[in-house]
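# The following comprises the amino acid sequence and a computationally predicted model.
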Amino acid sequence: MKKAWAVLVVLVIVPAMVLYVASTQIANTNPSPNDEGGGENITYSVIRIIDGDTIEIEDDWRVRLVGIDTPESGETFYYECKSKLSELIGNHKVRLEEDVEDTDHYGRLLRYVWVGSLHVNMEMVRSGWAEAYPYSPNTKYASQFESAEQEARNAQRGMWEESSADVYISYVHENAAGNDWYNLNDEYIVFTNGGNTAATLTGWRVSDEYGHEYTFPSFTLSAYASVTLYTGSGTDTATELYWGSESPIWNNDGDTVFLRDSTGALVDSYQW
């Protein structure tokens, strides 16, 4: 009986071990692209440019270029930013560099992308076709990204090209009284035409740092006149416009208002 029992144990354990080894091999057949541990020279083919800060590489991995941000589909400069990323990557293979986190909550790889010695993320910012976007705790190049954005702004490159219009942001009331959610029209921005001729604002856009965007309807702002844009709903007039949002837009703890003309040129910005 003892010999028979021992044989039975072996027969049970061995298949279990085989199953464990097999499952481990299957799990490792498609590991996350990773340049740590001596993989600095590994390169990957780019299958598709999704937008200005996201690409798809071989094995169906999506890569989010960490540390930067570009407009989403339907927003101003979406196509220009996507085109710039495509130009930088071209038909080259890319090398990926990790920071702290491997993926974001969408399952995309968080990586710095290199083409040879070209840091693609950095060049997108330096050329003016991406904003610096700290993605904590992945902040290895955060200070360099901020410097690159300031350089692009000063040189008026890409998205930072300035308009000659005389319209400017004259007042921002970002913190509504009480609960912002229940007092949306106490969150507003005032725009003023400082020129001596009327300004056509049709198609102009107002946006923040987080992708919210408002487009002016057919609208003309008289010389030396002002118009207030409220976050909530109401009836548009010559002096009052309404975003129509059902939630607050402006972050009380810090945000930026961007005003762009119908060509996308930056007219004015205000940061707090």
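Arrived safely, thanks for sending.
# From now on I want contacts and neighbour counts done on CA atoms only, so please keep to that.
Fine.
# Surely Thr200 touches Leu221?
Yes. Using CA atoms under 8 Å, Thr200 is in contact with Leu221, at 6.3 Å.
# of those two, who's got more company?
Leu221 (20 against 16; other CA atoms under 10 Å).
# And that one, its phi and psi?
Backbone geometry at Leu221, expressed as degrees, to the nearest 10, gives phi -100, psi 120.
# Go ahead and confirm it touches Asn193.
Yes. Using CA under 8 Å, Leu221 is in contact with Asn193, at 6.7 Å.
# Determine the residues that are contacts of both of those two.
Common contacts of Leu221 and Asn193 (CA atoms under 8 Å, 6 or more residues apart in numbering): Ala199.
# what's the closest non-adjacent residue to Gly234?
Distances taken as CA to CA, 6 or more residues apart in numbering place Tyr242 nearest to Gly234, at 5.8 Å, with adjacent residues excluded.
# Val190 too?
Thr228 (4.4 Å).
# Glu187 is in contact with the one you found, correct?
No. Counting by CA under 8 Å, Thr228 stays clear of Glu187, with 10.2 Å between them.
# Pull up the pairing partners for the helix or strand hosting the residue nearest to Val190, direction included.
Assigned by DSSP states H and E, Thr228 belongs to strand 226-230. In the sheet, strand 226-230 lines up against strand 188-193 (antiparallel), strand 240-242 (parallel) (DSSP bridges).
# could you dump the ones you listed to CSV with mean pLDDT?
CSV is the format used below for these (pLDDT from 0 to 100):
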stretch, mean pLDDT
strand 188-193, 98
strand 240-242, 98
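# so which of those gets nearest Val115?
With CA to CA, the closest approach to Val115 among the strands paired with strand 226-230 belongs to strand 188-193: 42.3 Å.
# pLDDT of the following helix or strand past the closest one, averaged?
Using DSSP H and E, the helix or strand that follows strand 188-193 in sequence is strand 199-200. For strand 199-200, mean pLDDT is 96.
# who does strand 199-200 touch, helix- and strand-wise?
strand 220-221 (3 or more CA pairs under 8 Å, 6 or more residues apart in numbering; DSSP states H and E).
# mean confidence score for the strand it packs on?
Strand 220-221 comes out at a mean pLDDT of 98.
# Across the sheet, point out what pairs with the nearest residue to Glu162 once chain neighbours are set aside.
If you skip the residues right next to it in sequence, Glu162 has Leu266 as its closest partner in space, 4.5 Å away by CA to CA, 6+ apart. Beta bridges link Leu266 to Glu162, Arg260, judged by DSSP bridges.
# Look up how far Leu110 lies from Leu266.
Noted for Leu266: a distance of 30 Å to Leu110, by CA to CA, to the nearest Å.
# again, but for Asp51
15 Å.
# So between these two, which is more surrounded?
With neighbours defined as other CA under 10 Å, Asp51 and Leu110 compare such that Leu110 has more, 24 against 21.
# buried set for the helix or strand hosting Ser147?
Using DSSP H and E, Ser147 sits in helix 142-155. Within helix 142-155, the residues scored as buried using 16 or more other CA atoms under 10 Å are 142, 145-146, 148-153.
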